[in-house]
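>>> Return a 3D structure for these sequence lines:
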Amino acid sequence: MNIVKGVRNTLVLGYMLGALWIIRTPVTLFFSLITAFSLSFLVVAIEGLRGSLPAIVGGLVSVAVSSGMTAGSDATNYRLNYRFQDIIVASPVTRTEYVAGLGVAQLLFHSPGLLVYLTLLYMLFRPALRSLALIVLVVLVTWLFSSSLGFFYSSYAPNVRHAGQLAGVISSALVVLPPVYYPASLLPKILVRISQLVPTVDASELIRGVLTGSAWQYSMWIILLVYTTTFYTLTAKKAKWRQD
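As a prediction, the model looks like this:
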């Protein structure tokens, strides 16, 4: 019964904070997805058709990360400006349900972008349903990692501006600088090994591996899951919940 109640609370928060926003202000979808689409366009413009795979895979991972970083910024706004988190603290909703609700809200908000990239992947590469399911699984794990990370740092952010700036820095460190929009093989060997410690690089390489049929490196799954589990645990145990 508690599980059903928790799922219901999570979905209600997700609908209220994500789906309703899309219905009321759909134009904001453009602003939330413009960065990922722009980077994908640049890769294709420079590399031509051979750049379509890294461009689409990079965009898919970028949107998943963006949803988590946005959830973190929203959490700071709800905590400091609207005092919405204080209401949640005083309610029967648990911290885990609230964090999950914020994550689901941003997943719903960014779902049009995810669907665009997944549709492009299917049209261009025709993956089998099993392969498509694995790609979706990688995207969901990446979303869970970024949502946990976003809420954790947002709970300690002193103001909304600080949270927004930190989200931009983290997004660049996870998506723009490492080989997410471009193959890791372009880097020197020593940097290739270092880059594999970045979870978004592992996510993009796993998706490329599914599409190209190359052998999986299970160490990439392990690294991605370790990051996700670590930040989820930190969020559940150490994230600031009540105001001083």
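
>>> Tell me the secondary structure at P127.
Under DSSP: H, G, I helix; E, B strand; the rest coil, P127 falls in the coil class.

>>> Neighbours of the closest residue to it other than its chain neighbours, how many?
Among residues not flanking P127 along the chain, L211 sits closest, at 6.1 Å (Cβ to Cβ, 6 or more residues apart in numbering). Bear in mind the C-beta positions are built from the backbone N, C-alpha and C, glycine included. The number of residues packed near L211 is 20, by other Cβ atoms under 10 Å.

>>> contacting residues around the strand or helix carrying L211?
Counting by DSSP states H and E, the element that carries L211 is helix 199-212. For helix 199-212, contacts defined as Cβ atoms under 8 Å, 6 or more residues apart in numbering pick out 53-54, 57-58, 60-61, 64-65, 121, 125, 127, 131, 134-135, 138-139, 141-142, 145, 174-175, 178-180, 183-184, 195-196, 214-217, 220-221, 223-224, 227-228.

>>> and with 7 Å instead?
Helix 199-212 has contacts (Cβ atoms under 7 Å, 6 or more residues apart in numbering) with 53, 57-58, 60-61, 65, 125, 127, 131, 134-135, 138, 142, 145, 174-175, 178-180, 184, 195-196, 216, 220-221, 223-224, 227.

>>> So which of those residues sit within helices?
The helices, defined by DSSP state H, take in 53, 57-58, 60-61, 65, 125, 131, 134-135, 138, 142, 145, 195, 220-221, 223-224, 227 from the contacts of helix 199-212.

>>> What is the least confident helix or strand in the chain?
In the chain, no helix or strand scores lower on mean pLDDT, DSSP states H and E than helix 28-47, which sits at a mean of 86.

>>> which parts of it are buried?
For helix 28-47, the neighbour count (16 or more other Cβ atoms under 10 Å) marks 29, 32-33, 35-37, 39-40, 43-44 as buried.

>>> Show me what that helix is packed against.
Counting contacts by 3 or more Cβ pairs under 7 Å, 6 or more residues apart in numbering; DSSP states H and E, helix 28-47 is packed against helix 52-80, helix 95-125.

>>> how close does the residue nearest to G68 when sequence neighbours are not counted sit to P183?
Among residues not flanking G68 along the chain, S146 sits closest, at 2.5 Å (Cβ to Cβ, 6+ apart). Separation of S146 from P183 (Cβ to Cβ, to the nearest Å) stands at 22 Å.

>>> of those two, who's got more company?
S146 (33 against 15).

>>> need the contact list for that one.
64-65, 67-69.

>>> Tell me the secondary structure at S91.
When classified by three-state DSSP, S91 comes out as coil.

>>> Can you report how many residues neighbour it?
Neighbour count for S91, taken as other Cβ under 10 Å: 11.

>>> before we move on, what about G103?
Residues near G103, counting by other Cβ under 10 Å, number 28.

>>> Quick check, pLDDT for it.
pLDDT for G103: 94.

>>> cool, and Y82?
pLDDT for Y82: 88.

>>> what residue ranges in the chain are flagged as low confidence?
Along the chain, the parts satisfying pLDDT under 70 run over 1, 215-216, 243-244.

>>> Now the nearest residue to L186 once chain neighbours are set aside: phi and psi?
Nearest residue to L186 in three dimensions, chain neighbours excluded: P179, at 6.8 Å (Cβ to Cβ, 6+ apart). The phi and psi values for P179, taken as degrees, to the nearest 10, are phi -70, psi 80.

>>> I'd assumed L187 was in contact with P179.
Yes: counting by Cβ atoms under 7 Å, L187 is a contact partner of P179 at 6.2 Å.

>>> what is in contact with these two at once?
Residues within reach of P179 and of L187 at once, by Cβ under 7 Å, 6+ apart, are S195.
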